[in-house]
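1. A predicted structure for the sequence below; I have some questions about it.
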Amino acid sequence: MTALESIWYVFAAIICLLALSNWRAALFAGVLIDVLRDPVRKLVPGEPVLITVSGAAVWIGIIFVALFSNASASHALTRAYPKLRKAMHLVVLAILPAAAVSIFSYSSGWKLAAIGIVSYMGPAFGVLAGFCFLRKERDLTNLMKLYVFANSLMLVSVMFEYLDVDIPALGGISYDWIRYNGNQTVSLMCGWYRSPDIMGLHAAHVIMFSLLLAATSKTETQFGWLGLAMWAGLCVLLSGRRKMIGIPMVFLATFLFIGWNLGLRRMHRIAAFAVTGCLLGGFFAVIFWSTDQSDEYTDYASTLFTQGFQRSNEVILGSTLGTLQQVGILGAGLGCATQGRYHIADASEGPRTWQEDGVSRLFLEFGVPGVILLSVAIVLLLKSLWKAIRTTVPDSTGQMLHIGLAGVVAGDAASFAISHQQFSGDPVNAIWVTLMVGMLFKMPLLQRSVKPSVSTQRRQSSAFVNR
């Protein structure tokens, strides 16, 4: 074991100890764990996967400490949003038969069932932790600021790789990533992240968080946040991953749609910053980025609009129909398409899994009956989220943040539908999404706890009654 590897494990252990005394502070430290684990892994000979896994384990430990410290959180959440209890019951009803299929079909089926149960029940713990974490709006903005600053620094490595600067730990693990677009070969940039998907996912979140911070901060800092959003936008383009380029677009569309439905007067601020960022980014690209350098990336990104719908249709609908033809209406069993199954169960057992999108993965593991139950659970979840969004204090900074979080979750959900690996294969990415869902549920409860005016109370009461 090298000195760097030893230092890493000591650092991870310190964060775990910190979680025992102050899990909220440990969650902030977890942001640093997340950005450091990939470059550390690349710098250690052999690039041991244990470094990546240990970073995820720290996050999981933080979540469990948070839940043990707030034993009544689940009761408070389901009391405020009763439909969530029904949704969880439906998820359990979907999991049980799918787990039984795995257990009785394969010799190591109980292992597949176990990893599948963790994969699908784990998000509930992240939601509860996010619900517990948020005590005031500043908790959310501080977390977003740290995420933006830490990852903006990490994204400098993307430009280093693009310019072929000789710096250790650049590029993907084990091999180079490329895509073909007609006669063009597009080199996908990773920087210090372990893959273009992971880099693009972090850069997309930097864009969304920066736009939210710009829209809710003081005038003198707004253009600073806008600059970071533009910087992350360039890195998303260099990732060459259309599904990551699409995340901020879904975020913006969701924000504008919800804001329009709720009559948010300040919703134009997000759109204005996004448009300004695109215009400034295009201006600087024309001046500083020559055509022969940019063509391969801009041309490939443009296929999101020319081929995006057709590709999504092929991936989701085509893969779903192919999955049903492969395994039938009952599915192949829980855990068969879950990332990491080959490290735990016999790789020769079960069907050959090729399902990249999240929808066909559900059909493979749950079958048609299970997907129907999960669909009803998702509808109940969405109704609960809409109830939370509608009851935020109108035209407040909290409402801007609230709707913005909904946009971030929508962007991640769209990305999951196209490709689930970056979430199912990395617990940290999934935890981030579920934390934000938990904070979405908590924010209107916080605003009601600060004794709003009588008129505001009446509006909130009316929104809850008429949900």
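-> Perfect, I can see it now. Numbers count the residues shown, from 1 in each chain.
2. Could you pull out the strands in the stretch 51-200 of the chain for me?
-> Remark: strands of the stretch 51-200 of the chain, listed N- to C-terminal, are 178-181, 184-187; assignment by DSSP state E, counting those that start in this stretch.
3. now these as a markdown table including mean pLDDT, distance to T2 and mean neighbour count?
-> From N, CA and C alone the C-beta is placed, and that goes for glycine too. Listed next are these as a markdown table, based on pLDDT from 0 to 100; distance: least, Cβ to Cβ, whole Å; neighbours: other Cβ atoms under 10 Å:
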| stretch | mean pLDDT | distance to T2 | mean neighbour count |
| --- | --- | --- | --- |
| strand 178-181 | 74 | 30 | 13 |
| strand 184-187 | 76 | 30 | 14 |
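4. Now distance to C16 too, for these, in a markdown table please.
-> Rendered in a markdown table, the data for these read as follows (distance: least, Cβ to Cβ, whole Å):
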| stretch | distance to C16 |
| --- | --- |
| strand 178-181 | 38 |
| strand 184-187 | 38 |
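5. so which of those strands comes closest to L324?
-> Distances from L324 to each of the strands of the stretch 51-200 of the chain were compared by Cβ to Cβ, and the smallest falls on strand 178-181, at 29.0 Å.
6. The closest one packs against which elements?
-> Helices and strands touching strand 178-181, as assessed by 3 or more Cβ pairs under 8 Å, 6 or more residues apart in numbering; DSSP states H and E, comprise strand 184-187, helix 291-306.
7. gap between that strand and the chain center?
-> The gap between the average C-alpha position of strand 178-181 and the chain average comes to 25 Å, counting by Cα atoms, centre = their mean, to the nearest Å.
8. Walk me through which strands it pairs with, and which way each runs.
-> In the sheet, strand 178-181 lines up against strand 184-187 (antiparallel) (DSSP bridges).
9. distance between the partner strand and the chain's centre?
-> Distance, stretch centre to chain centre, for strand 184-187: 27 Å (Cα atoms, centre = their mean).
10. I figured Y81 hits A388, correct?
-> Yes. Counting by Cβ atoms under 8 Å, Y81 does reach A388; the two are 7.1 Å apart.
11. follow-up on the earlier one: weakest of the helices and strands packed on strand 178-181 in terms of mean pLDDT?
-> Lowest mean pLDDT within those: helix 291-306, a mean of 62.
12. Just name the shakiest helix or strand of this protein by mean pLDDT.
-> Of all regular secondary-structure elements in the chain, judged by mean pLDDT, DSSP states H and E, the least confident is helix 454-465 with a mean of 44.
13. average pLDDT for stretch 147-164?
-> So the average pLDDT for stretch 147-164 ends up being 93.
14. Any idea how far apart the tips of it sit?
-> The straight-line separation of the ends of stretch 147-164 (Cα to Cα, to the nearest Å) is 26 Å.
15. Now it: buried residues?
-> For stretch 147-164, burial by neighbour count (16 or more other Cβ atoms under 10 Å) applies to Y147, V148, A150, N151, S152, M154, L155, S157, V158, F160, E161, Y162.
16. Excluding sequence neighbours, find me the nearest residue to the third one.
-> By that I understand A150. Taking Cβ to Cβ, 6 or more residues apart in numbering, and ignoring the residues beside it in sequence, A150 has V35 as its nearest neighbour in space, at 4.8 Å.
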